[in-house]
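Chemist: Let's see this in three dimensions:
(one chain, ligands or ions: 2)
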Amino acid sequence: MTGTSASTPKPPKGGASVGIPPRPVHFALPDDAPRYVYDDNATMTLFLAVLSGFFPPGERFFVESVRHYRDQVTDPVLKAQVAGFIGQEAIHAREHERLNDLLQTQGINTRVPELAVATALRLLEKLPPSQQLACTTFMEHFTALLGEQLLTDERFRSRAEPRMLQMWLWHAMEELEHKSVAYDVYELIGNRRRERILAFPLVATVMIPAIAFSWGYLIIKERAWRRPGDLARGAGILFGRRGFVTRILRKMPLFARRDFHPAKHDTRALEAEWQQKLFGNDGSMQHMLKARH
Ligand SMILES: [Fe+2]
Ligand SMILES: [Fe+2]
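Modeler: Ligands and ions are numbered 1, 2, ... in the order given. Predicted structure coming up:
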């Protein structure tokens, strides 16, 4: 939502003033973590490596597609939200790059998903800017649902290496905080429903092969099939009837609704809960913010 500002005496400026603070976190990534940081499962761990590899190029694409229209944003609230969105995504990309570098040194080749997604995004970059922004709103819908699923699915979280989990929790929470920003900019430039619906097959056509190729490559390189039941178990956790990704995919069609808006799926209570857990007075990441002041 863009909000109104005509009567606001002091217009908002930065993302923090509108609830989208780019938090200057810097994760102490554990280099003594087990190789398979999710449930001692190689298949699942490599899926997370693919996701992490996708984030830096993906988030740069999101930012650029919004930045293209930044000059058209005159509302001070939306301007501040855009600033917060760009700031948050920049820090996400930086921290995931650090994680990817660590995985790379451990022999999990995150350059493969990075390259695969960069190739996929180069195809999307050939589309008109408004279609690119529509694709961003679709992918932001996905990342918001991903974040919501992680923050609500305690059972899923309980199987992850706790120190590695921290970064994913912070990222998930911030995805919810800024989930409406790209969409509100898209509304500003017209929000053509046909273009928005078209984002679905366009993104799927370039992203699904990129995921399948890089995940498959890492699984083969890791010889994951040699671990009894690893592939079946990892695939089940993600794509089983009550799997992590299955639950997200069920909510994806919300995006096609005529009256869709990310804020209509209200996650404010969940955001508040995790803002407190992570960055409240006794929050598990509060020390990272203090360290910077
Ligand atoms: Fe992000
Ligand atoms: Fe995002």
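
Chemist: Identify the residues contacting Gly147.
Modeler: Taking CB atoms under 8 Å, 6 or more residues apart in numbering as the definition of contact, the neighbours of Gly147 are His171, Ala172, Met173, Glu174, Glu175, Leu176, Lys179. Glycine gets a C-beta too; all of them are placed from N, C-alpha and C.

Chemist: Tell me how far the first one lies from ligand 1.
Modeler: When CB to the ion, to the nearest Å is applied, the distance between His171 and ligand 1 equals 6 Å.

Chemist: tell me the phi and psi of that residue?
Modeler: Reported as degrees, to the nearest 10, the phi and psi values for His171 are phi -60, psi -40.

Chemist: okay, the closest residue to it other than its chain neighbours: pLDDT?
Modeler: Among residues not flanking His171 along the chain, His92 sits closest, at 5.5 Å (CB to CB, 6 or more residues apart in numbering). Per-residue confidence at His92 stands at 97 (pLDDT).

Chemist: My guess is Met139 contacts Gly58. True?
Modeler: Yes - the pair Met139 and Gly58 qualifies as a contact (CB atoms under 8 Å) at a distance of 6.9 Å.

Chemist: Tell me if I'm right that the residue nearest to His171 and Phe55 touch.
Modeler: Yes - counting by CB under 8 Å, a contact exists between His92 and Phe55, whose distance comes to 6.1 Å.

Chemist: Between these two, which contacts overlap?
Modeler: Residues touching both His92 and Phe55 (CB under 8 Å, 6+ apart) are His171.

Chemist: quick one: low-confidence parts of the stretch 151-293 of the chain?
Modeler: Counting by pLDDT under 70, the stretch 151-293 of the chain contains low-confidence residues at 290-293.

Chemist: can you map out the strands along it?
Modeler: In the stretch 151-293 of the chain, no strands are defined using DSSP state E, counting those that start in this stretch.

Chemist: Residue numbers of it in contact with ligand 2?
Modeler: Contact residues, the stretch 151-293 of the chain versus ligand 2 (CB under 5 Å from the ion): Glu175.

Chemist: for the stretch 151-293 of the chain, what spans make up the helices?
Modeler: Here the stretch 151-293 of the chain has its helices, by DSSP state H, counting those that start in this stretch, at 154-158, 162-177, 181-188, 193-222, 230-239, 244-251, 268-279, 286-290.

Chemist: Just send those helices back as JSON lines, with mean neighbour count too.
Modeler: As requested, the helices of the stretch 151-293 of the chain are exported to JSON lines (neighbours: other CB atoms under 10 Å):
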{"stretch": "helix 154-158", "mean neighbour count": "12"}
{"stretch": "helix 162-177", "mean neighbour count": "21"}
{"stretch": "helix 181-188", "mean neighbour count": "24"}
{"stretch": "helix 193-222", "mean neighbour count": "16"}
{"stretch": "helix 230-239", "mean neighbour count": "17"}
{"stretch": "helix 244-251", "mean neighbour count": "15"}
{"stretch": "helix 268-279", "mean neighbour count": "16"}
{"stretch": "helix 286-290", "mean neighbour count": "13"}
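
Chemist: Most proximal residue of the protein with respect to ligand 1?
Modeler: Nearest to ligand 1 in the chain, going by CB to the ion, is His92, at a distance of 3.6 Å.

Chemist: which helices and strands sit right next to the helix or strand encompassing that residue?
Modeler: Using DSSP states H and E, His92 sits in helix 76-105. The criterion is 3 or more CB pairs under 8 Å, 6 or more residues apart in numbering; DSSP states H and E, and the helices and strands that helix 76-105 contacts are helix 42-67, helix 111-124, helix 162-177, helix 181-188.

Chemist: give me the number of residues near the residue nearest to His171?
Modeler: With neighbours defined by other CB atoms under 10 Å, the count for His92 comes to 23.
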